[in-house]
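S.K.: compute the structure for the input listed below.
(one chain, ligands or ions: 1)
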Amino acid sequence: MAKSSARSTASAINIGISDKDRAAIAKGLSRLLADTYTLYLTTHNFHWNVTGPMFNSLHTMFMTQYTELWNAVDPVAERIRSLGHAAPGSYAQFSQLSSVPDAPAVPPKAMEMVRILVQGHEAVARTARELFPVVDKAGDEPTADLLTQRLTVHEQTAWMLRSLLEE
Ligand SMILES: [Fe+2]
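M.R.: Residues are numbered from 1 along each chain as shown. Next comes the predicted model:
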């Protein structure tokens, strides 16, 4: 079988973006999907395991954040499909693609959780931002729009979490 599998529909797509650019954008979006999913899981983990005097506010805040991240993975995956590529959706693929590390096995203290989440949101923002040059070059407005929305959320959430760390 040829390298591009018989199940691939990539060759049948003609939306005005070259095969090469669609492949590059799908690859970048796959990284964004893996980052977002990993950060989702870490945030839900911290919702479960947070302790200390700020329990109530952090438990609630983490719920708002993991719900937003959970809702974000679907449009990213479906954009990959619209570009003619398969969306990754396994822990093995996500761990290979993600720039966000897994949550620590032992739950950290509350403010360390906040620090880890700041780093996670910043990492996802970098992954999204790295993809802009090829998206711009290809005139892929829907992906540019999606990336802009994701950058807005990740940068705002990082700011809110970072503010908790200041005296
Ligand atoms: Fe809950």
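S.K.: how about the longest helix seen in the chain: buried residues?
M.R.: Taking DSSP state H as the criterion, the chain has its longest helix at helix 19-49. Neighbour-count burial for helix 19-49 flags 21-47, 49 (criterion: 16 or more other Cβ atoms under 10 Å). Any C-beta I mention is one placed from the backbone N, CA and C, and that applies to glycine too.
S.K.: which parts of the helix or strand that that helix is followed by are buried?
M.R.: As assigned by DSSP states H and E, the chain's next helix or strand after helix 19-49 is helix 55-82. For helix 55-82, the neighbour count (16+ other Cβ under 10 Å) marks 58-59, 61-62, 65-66, 69, 72-73, 75-77, 79-80 as buried.
S.K.: mind checking how far the next helix or strand after helix 55-82 is from the chain centre?
M.R.: As assigned by DSSP H and E, the chain's next helix or strand after helix 55-82 is helix 91-97. Distance, stretch centre to chain centre, for helix 91-97: 12 Å (Cα atoms, centre = their mean, to the nearest Å).
S.K.: mean confidence for helix 91-97?
M.R.: Mean pLDDT, computed over helix 91-97, is 97.
S.K.: CA atoms of that helix as PDB?
M.R.: Extracted in PDB, the C-alpha atoms of helix 91-97 (Å, rounded to 0.1, in the frame of the first residue of the first chain):
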ATOM      1  CA  TYR A  91      -3.000   8.500  25.000                       C
ATOM      2  CA  ALA A  92      -0.100   7.100  23.100                       C
ATOM      3  CA  GLN A  93      -0.400   9.700  20.300                       C
ATOM      4  CA  PHE A  94      -1.100  12.500  22.700                       C
ATOM      5  CA  SER A  95       1.900  11.700  24.800                       C
ATOM      6  CA  GLN A  96       4.000  11.700  21.700                       C
ATOM      7  CA  LEU A  97       2.600  15.000  20.300                       C
END
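S.K.: buried stuff in it?
M.R.: 93-94, 97.
S.K.: tell me what that helix is packed against?
M.R.: With contacts defined as 3 or more Cβ pairs under 8 Å, 6 or more residues apart in numbering; DSSP states H and E, helix 91-97 has these neighbours: helix 19-49.
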